[in-house]
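*Asks:* Predicted model, plus sequence, below.
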Amino acid sequence: MFDGGGARAHLVQLDRSWLEVACKHDTSPDVMRLLGEMSCASILLSASLKYEGSVILQIHGDGPVRLAVAECNAKLGFRSTIKMSETLEPAPGADWKALVNQNNLGRFSVVLDPKIDNQHPYQGIVPLHEAGVAQALESYMQRSEQLPTRLWLACNGERAAGLLLQKMPHQGGTNKKSDAQSEAATEASDDDWERLITLAQTVTAEELLNVEAETLLHRLFWQEAPKLLEDKPVQFSCSCSRARVGRMLKTLGAEEVESILAEQGQVDVHCDFCNAAYHFDAVDCAALFTGEHPPSSEDPSTIH
Ligand SMILES: [Zn+2]
């Protein structure tokens, strides 16, 4: 936290939790970098917005990347996954536009999901014409949240990291007499903000990924004497469960589920985030629609 500037920085570094995502995907380094950057961005936005539900970043791409999703909850549990096109291969070194917005038909959205029954998620559209995940989200935060925000994101094969700098909302008073003063305060704060950006943008991807957080924050901002707030652990965490899959099957309806049963003998649902597999046989499926619990209803393989 920067006292003078009315600004905050959040730094996230993922190692083991990132490997948990990375080991489930077999795709190019450029694609994984995109997913790593999105994962870190979702965590940074969740931490900075202090949102009680989940912050979900979602790209429906029109290139080799068909879908990329990164979700972070209020406890800083995140999960992310990517779905590739079956026909388009990513070229080596493919940039962001080549991956997700080749024909300007990609869509990028920020979803704030309260995760409370009967409360609908809020969805905001992120401009995709910017140079990358960081720039697109900066533009979104400025336009939709009126929060001046800067982001630096990095990801290699083993780690993912990000730095977010945010100007705190201006506490404007309504007292006429203090207008001149508050204008001066805003201006000074803009100067501080510009100075913080100048300092932060010296950060390299190498430093973000490999320099220990406290050391890095001091290295970047020592002149500003930042106040360090508490560390919070981040972990890979998937919210899927057999009960949720059961509810999803119920919404498909008995007829649809029965037709899958007739075709495949059982209903298999696979979680793209954590690779958990859920099997529902004919008895399990019947129980979904009659409300009885079948003997085999225990959760399989969903320990994270
Ligand atoms: Zn899962």
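*Replies:* Sure, I can see it.
*Asks:* At which residues are the strands of the stretch 51-200 of the chain located?
*Replies:* 54-60, 65-72, 77-84, 107-113, 122-126, 149-155, 160-167 (DSSP state E, counting those that start in this stretch).
*Asks:* Parallel or antiparallel, which strands does the second one pair with?
*Replies:* Strands flanking strand 65-72 in the sheet, each with its direction: strand 54-60 (antiparallel), strand 77-84 (antiparallel) (DSSP bridges).
*Asks:* Repeat that for the shortest one.
*Replies:* The strands beside strand 122-126 in its sheet (DSSP bridges) come out as strand 107-113 (antiparallel).
*Asks:* And for Glu37, the neighbour number?
*Replies:* 26 (other Cβ atoms under 10 Å). All C-beta spots, glycine's among them, are computed from the backbone N, C-alpha and C.
*Asks:* got the CA coordinates for the helix or strand that contains it in CSV?
*Replies:* In this assignment (DSSP states H and E), Glu37 forms part of helix 29-49. Listed next in CSV are the C-alpha coordinates belonging to helix 29-49 (Å, rounded to 0.1, in the frame of the first residue of the first chain):
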residue,chain,number,x,y,z
PRO,A,29,4.1,-22.7,-24.7
ASP,A,30,2.4,-19.6,-26.2
VAL,A,31,-1.0,-21.0,-25.4
MET,A,32,0.1,-21.9,-21.8
ARG,A,33,1.5,-18.5,-21.4
LEU,A,34,-1.9,-17.0,-22.3
LEU,A,35,-3.6,-19.3,-19.7
GLY,A,36,-1.0,-18.5,-17.1
GLU,A,37,-1.4,-14.8,-17.6
MET,A,38,-5.2,-15.1,-17.4
SER,A,39,-4.9,-17.2,-14.2
CYS,A,40,-2.8,-14.6,-12.5
ALA,A,41,-5.0,-11.8,-13.7
SER,A,42,-8.1,-13.5,-12.3
ILE,A,43,-6.3,-13.8,-8.9
LEU,A,44,-5.1,-10.2,-9.0
LEU,A,45,-8.6,-8.9,-9.9
SER,A,46,-10.2,-11.0,-7.2
ALA,A,47,-7.8,-9.7,-4.6
SER,A,48,-8.0,-6.1,-5.6
LEU,A,49,-11.8,-5.9,-6.1
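*Asks:* Adjust the sequence numbering to begin at 29 for everything that follows.
*Replies:* Renumbered: residue one is now 29, and that last one reads helix 57-77.
*Asks:* Perfect, I'm done here.
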